[in-house]
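> this one's structure only:
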């Protein structure tokens with residue numbers, strides 16, 4: 001699979017609607033379940049906090065935000081809350097970035113896929129968050145997309 005993003009500035013892409021690795025649903029996690037994925041430093045944790053209605057610049061948000069290019073999300077974590085802090089309850093999943101500054105991509109991707117399969121169990125939507133200034137898919141992104149396709153099948157691109 002070769003993807004060309006030349007000249008395209010992307011904030012995020014909705015990759016999947018109702019992706020599932022298992023059909024059994026955890027009734028304790030509200031719907032929809034939004035999984036946020038993307039490279040290190042692209043704003044995944046900030047977006048997750050904003051979707052829960054927390055100002056990403058404040059220190060009291062659920063998901064830790066780093067303000068440099070070092071990776072700080074090292075585990076797949078999730079939270080539930082109201083959409084934008086006032087709507088219906090939903091689940092948001094923050095994943096470690098690929099292109100990890102510590103070179104731990106294989107371990108982090110495996111951990112992410114395990115949590116998605118064993119805990120989250122399915123995703124209503126998978127968001128791929130990219131920096132708008134990046135115009136190329138690097139090897140880490142292609143590797144992560146390949147592994148997610150192997151886990152969720154080709155239908156996750158629909």
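Good, I have the coordinates. Here the structure is a predicted model, which is why all the values come from computation and not from measurement.

> lowest average confidence, helix or strand, in this structure?
strand 12-20 (a mean of 39; mean pLDDT, DSSP states H and E).

> any idea which helix or strand comes after that strand?
strand 33-37 (DSSP states H and E).

> show me what the next helix or strand after that following strand packs onto, helices and strands only.
The first helix or strand that comes after strand 33-37 along the chain, using DSSP H and E, is helix 44-51. When contacts are defined as 3 or more CB pairs under 8 Å, 6 or more residues apart in numbering; DSSP states H and E, helix 44-51 packs onto strand 33-37, strand 89-94, strand 122-129. (C-beta placed from N, C-alpha, C; glycine too.)

> may I see the buried residues of the longest helix that the chain contains?
Taking DSSP state H as the criterion, the chain has its longest helix at helix 139-152. Residues of helix 139-152 classed as buried: 140-141, 144-145, 147-148, 151-152 (neighbour count, 16 or more other CB atoms under 10 Å).

> now stretch 112-132: buried residues?
So for stretch 112-132, counting by 16+ other CB under 10 Å, buried means 112-113, 115-116, 120-130.

> ok, so of those residues, who is nearest residue 34?
For these, the closest approach to residue 34 (CB to CB) belongs to residue 125, at 4.9 Å.

> is the closest one in a bridge, and if so with what?
Beta bridges link residue 125 to residue 17, residue 34 when assigned by DSSP bridges.

> possible to save the buried residues of helix 139-152 as TSV with pLDDT?
Below are the buried residues of helix 139-152 laid out as TSV (pLDDT from 0 to 100):
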residue	pLDDT
140	72
141	75
144	73
145	77
147	74
148	72
151	70
152	70
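
> between those, which is nearest residue 90?
Set against residue 90, the nearest of the buried residues of helix 139-152 by CB to CB is residue 152 (19.8 Å).

> pretty sure residue 57 belongs to a strand, no?
No: assigned with DSSP: H, G, I helix; E, B strand; the rest coil, residue 57 falls outside any strand and is coil.

> circling back to that earlier point, for the helices and strands packed on helix 44-51, which has the smallest mean pLDDT value?
Among the helices and strands packed on helix 44-51, strand 122-129 has the lowest mean pLDDT, at a mean of 86.

> what angle do helix 44-51 and that strand make with each other?
Calculated by axes from the mean of the first three to the mean of the last three CA atoms, to 10 degrees, strand 122-129 forms an angle of 120 degrees with helix 44-51.
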